[in-house]
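Student: what follows is a predicted protein model with its sequence.
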Amino acid sequence: MGKFLLVILLFAVVVYGVLRLLDYRRSGASPRQRPQAAPPRRAVAPDDDEEFLRQLRKRRTDKDGKDEGRPNNGG
């Protein structure tokens, strides 16, 4: 029974190794090279983001333009 489990374990290790080797070959990397992860992106503060600032300006001008003809209900 012990020899049978050893043979199955050895077979599983060989199959795993072959599949891993084929995966590396398919991706174009050698087995010794690990795929490089992309560097983490630097967080951009909202006041550094030009698109965000443009949207704020547009909202402010849209809001100012729409509110000009309305009476002030606040007081």
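Tutor: Ah, there it is. Numbering: from 1, shown residues only.

Student: from Arg59, how far out is Leu22?
Tutor: Separation of Leu22 from Arg59 (C-beta to C-beta, to the nearest Å) stands at 54 Å. The C-beta positions use only the backbone N, C-alpha and C, and glycine is treated the same way.

Student: just Phe11 next, same as before
Tutor: Here Phe11 is placed at a distance of 65 Å from Arg59 (C-beta to C-beta).

Student: give me the pLDDT value at Pro39.
Tutor: Predicted confidence (pLDDT) for Pro39: 70.

Student: the one 10 residues further on now?
Tutor: In this model, Asp49 is scored at 78, pLDDT.

Student: for it, phi and psi?
Tutor: Torsion angles at Asp49 (phi, psi; degrees, to the nearest 10) stand at phi -90, psi 110.

Student: kindly provide the distance from Arg54 to Tyr16.
Tutor: Taking C-beta to C-beta, one finds Arg54 at 53 Å from Tyr16.

Student: next, Gly65: secondary structure please.
Tutor: helix (DSSP: H, G, I helix; E, B strand; the rest coil).

Student: and for it, the neighbour number?
Tutor: A count of nearby residues for Gly65, using other C-beta atoms under 10 Å, gives 9.

Student: and it, what's its pLDDT?
Tutor: For Gly65, the model assigns a pLDDT of 71.

Student: how about the contacts made by it?
Tutor: Taking C-beta atoms under 8 Å, 6 or more residues apart in numbering, we find Gly65 in contact with no residue.

Student: distance of it relative to Leu56?
Tutor: Taking C-beta to C-beta, one finds Gly65 at 15 Å from Leu56.

Student: the bottom helix or strand of the chain by mean pLDDT?
Tutor: Lowest on mean pLDDT, DSSP states H and E among the helices and strands of the chain sits helix 50-67, with a mean of 82.

Student: may I have that helix as CSV, with CA atoms only?
Tutor: Provided in CSV are the C-alpha atoms of helix 50-67 (Å, rounded to 0.1, in the frame of the first residue of the first chain):
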residue,chain,number,x,y,z
GLU,A,50,-6.3,67.8,-14.3
GLU,A,51,-9.4,65.9,-15.5
PHE,A,52,-10.9,66.1,-12.0
LEU,A,53,-10.2,69.9,-11.8
ARG,A,54,-11.9,70.4,-15.2
GLN,A,55,-15.0,68.5,-14.0
LEU,A,56,-15.2,70.6,-10.9
ARG,A,57,-14.9,73.9,-12.9
LYS,A,58,-17.6,72.7,-15.3
ARG,A,59,-19.9,71.7,-12.4
ARG,A,60,-19.4,75.0,-10.7
THR,A,61,-20.1,77.0,-13.9
ASP,A,62,-23.1,74.8,-14.7
LYS,A,63,-24.5,75.3,-11.2
ASP,A,64,-23.9,79.0,-11.3
GLY,A,65,-25.6,79.4,-14.7
LYS,A,66,-28.7,77.4,-13.7
ASP,A,67,-29.2,79.1,-10.3
